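Chemist: no sequence on this one, just coordinates:
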């Protein structure tokens, strides 16, 4: 719980700002030690980071020591400004989070700046304001957000104004509303509340009892259909699709034994609440086996006859395998509550059509409706190696996985899946052979076969890869980063209201 007041205010606001600042000036780092690890706050920051466009402008009202909010958002490459009424807090934040800007400022006194921020956070800063100021501040937040902007808010809900409380050894006067009122205020200001949660927290501080916390996430309508997220880069994007890669079962099997994949568990966790899941491009079955183990059943469509036949024994584990292409799926509309494609789009003749088909498969009225895509990360080392060595040698266009994700995000948003998030997943390709030269030789063989099985210049490709592979393994590593990005697209719907206490 941190409180907002500060600098450029009229006299009555300056007085209240000074009173509100006193406990935080006295507490300093102790406040961070007590409140910086709230699970719901960390989850709200994750929600923002998964959706913010690259280099977003973010305002943190009541920024405290800068941790965790400003630090995590600034570290992700966003432009963060923090406002707080406590000079002690501002000084600490400037020291701890040099990548953000912090000002002694009162949100009530700051000039109007409509559409200035892609996101605003306010974790417990409005509790020492009268209700008239609290109402005005929430309305101001809505005006200050850019169309499509995100708001993460937390407070302590109760029905009283100017009530005297004992908190962390200090006497403070607080004002709030019942939990249901905050939703009405935000909706009245033009925001859509997409998440609302009550939780109970026990501060680790002498004499403190349990606190009820309210966490709200809201979105301002409008904005681009799919903001340019950093994980859908690197930017600028190509003007068009390079065309499909060839996929060899032999080459893929040679790679699979060397994978250390964390994307499979991430996908399965994301689908934990679903009941009818469609997977497109079942491949070797690694993803569908994990999903079937967790959910009891899954349907997969595989275009390659040999791999389709190889997966039929998975029926005993709850995997239904059918032939079909991503661009023309053999099901009626809205047959599933989730559809996914992992590492598939760059093998499609028409990835746009494949994404539209995935959207067609999903019943958008379901509470867990979603489309899940997994492609390569913008700093994926193997994709970079292919682009710098193989594409040039073979005279092919460079690969750009972010182009595929960006196009998919736009198509899905246009299809009604407007809540789009991006999450990184660790994937490594490991070469345990003894010695750097043995690793380089093995990697040249495996990677060339994976990318271009049967190519007439396969031997040239292996030879061309060796210098970069030798340099890479000479650093002492035994692996390449083959990191992934998971895109999850959900229909944007308002959260269910918190039930009234009465």
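Modeler: Right, received. Where do you want to start? Keep in mind that what you see is a predicted model, and the values were worked out from it rather than measured. Residues are numbered from 1 along each chain as shown.

Chemist: isn't residue 421 up against residue 492?
Modeler: No: checked against Cβ atoms under 8 Å, the pair residue 421 and residue 492 is beyond contact range at 11.3 Å. Where C-beta positions appear, they are placed from N, C-alpha and C, glycine not excepted.

Chemist: what about residue 103, distance to residue 151?
Modeler: According to Cβ to Cβ, to the nearest Å, residue 103 and residue 151 sit 20 Å apart.

Chemist: and those two? which has more neighbours close in?
Modeler: Applying other Cβ atoms under 10 Å to residue 103 and residue 151 shows that residue 151 carries more neighbours, namely 28 against 16.

Chemist: mind checking pLDDT for the more buried one?
Modeler: pLDDT, residue 151: 98.

Chemist: how near is it to residue 51?
Modeler: Using Cβ to Cβ, one obtains 12 Å as the distance from residue 151 to residue 51.

Chemist: next one: residue 198
Modeler: Residue 198 is 23 Å from residue 51, by Cβ to Cβ.

Chemist: again, but for residue 231
Modeler: Taking Cβ to Cβ as the measure, residue 231 falls 11 Å from residue 51.

Chemist: what about the chain, any weak spots by pLDDT?
Modeler: 1-17, 500-502 (pLDDT under 70).

Chemist: how about 80 then?
Modeler: By pLDDT under 80, the low-scoring segments of the chain are 1-28, 30, 168-169, 225, 247-253, 494, 496, 498-502.

Chemist: residues in contact with residue 220?
Modeler: Each residue near residue 220 by Cβ atoms under 8 Å, 6 or more residues apart in numbering is listed here: 142, 145-151, 190-192.

Chemist: quickly find the element holding residue 251.
Modeler: If you go by DSSP states H and E, residue 251 is part of helix 249-256.

Chemist: for that helix, buried residues please.
Modeler: Applying a neighbour-count criterion of 16 or more other Cβ atoms under 10 Å, one finds 251-252, 254-255 buried in helix 249-256.

Chemist: how close does residue 374 sit to residue 341?
Modeler: Applying Cβ to Cβ to residue 374 and residue 341 gives a distance of 7 Å.

Chemist: sorry, back to before: mind putting the buried residues of helix 249-256 in CSV, distance to residue 60 included?
Modeler: Formatted as CSV, these follow (distance: Cβ to Cβ, whole Å):
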residue, distance to residue 60
251, 48
252, 45
254, 48
255, 43
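
Chemist: dihedrals phi and psi, residue 61?
Modeler: Backbone torsions of residue 61, given as degrees, to the nearest 10, read phi -80, psi 130.

Chemist: with adjacent residues omitted, what lies nearest to it?
Modeler: Nearest residue to residue 61 in three dimensions, chain neighbours excluded: residue 122, at 4.2 Å (Cβ to Cβ, 6 or more residues apart in numbering).

Chemist: I'd assumed residue 379 was in contact with residue 481.
Modeler: Yes: using Cβ under 8 Å, residue 481 is in contact with residue 379, at 7.2 Å.

Chemist: and these two? Which one has more around it.
Modeler: residue 481 (16 against 13).

Chemist: what ranges does the stretch 151-300 of the chain have for its strands?
Modeler: Remark: strands assigned in the stretch 151-300 of the chain by DSSP state E, counting those that start in this stretch are 160-167, 170-176, 192-201, 211-219, 259-261, 277-280, 298-302.

Chemist: so which of those gets nearest residue 59?
Modeler: Residue 59 lies closest, by Cβ to Cβ, to one member of the strands of the stretch 151-300 of the chain: strand 211-219, at 14.3 Å.

Chemist: neighbouring contacts of that closest one?
Modeler: 1, 38, 40-41, 44, 47, 124, 148-158, 179, 182-183, 186, 191-203, 419, 492, 498.

Chemist: list the strands paired with it, with their directions.
Modeler: In the sheet, strand 211-219 lines up against strand 145-155 (antiparallel), strand 192-201 (antiparallel) (DSSP bridges).
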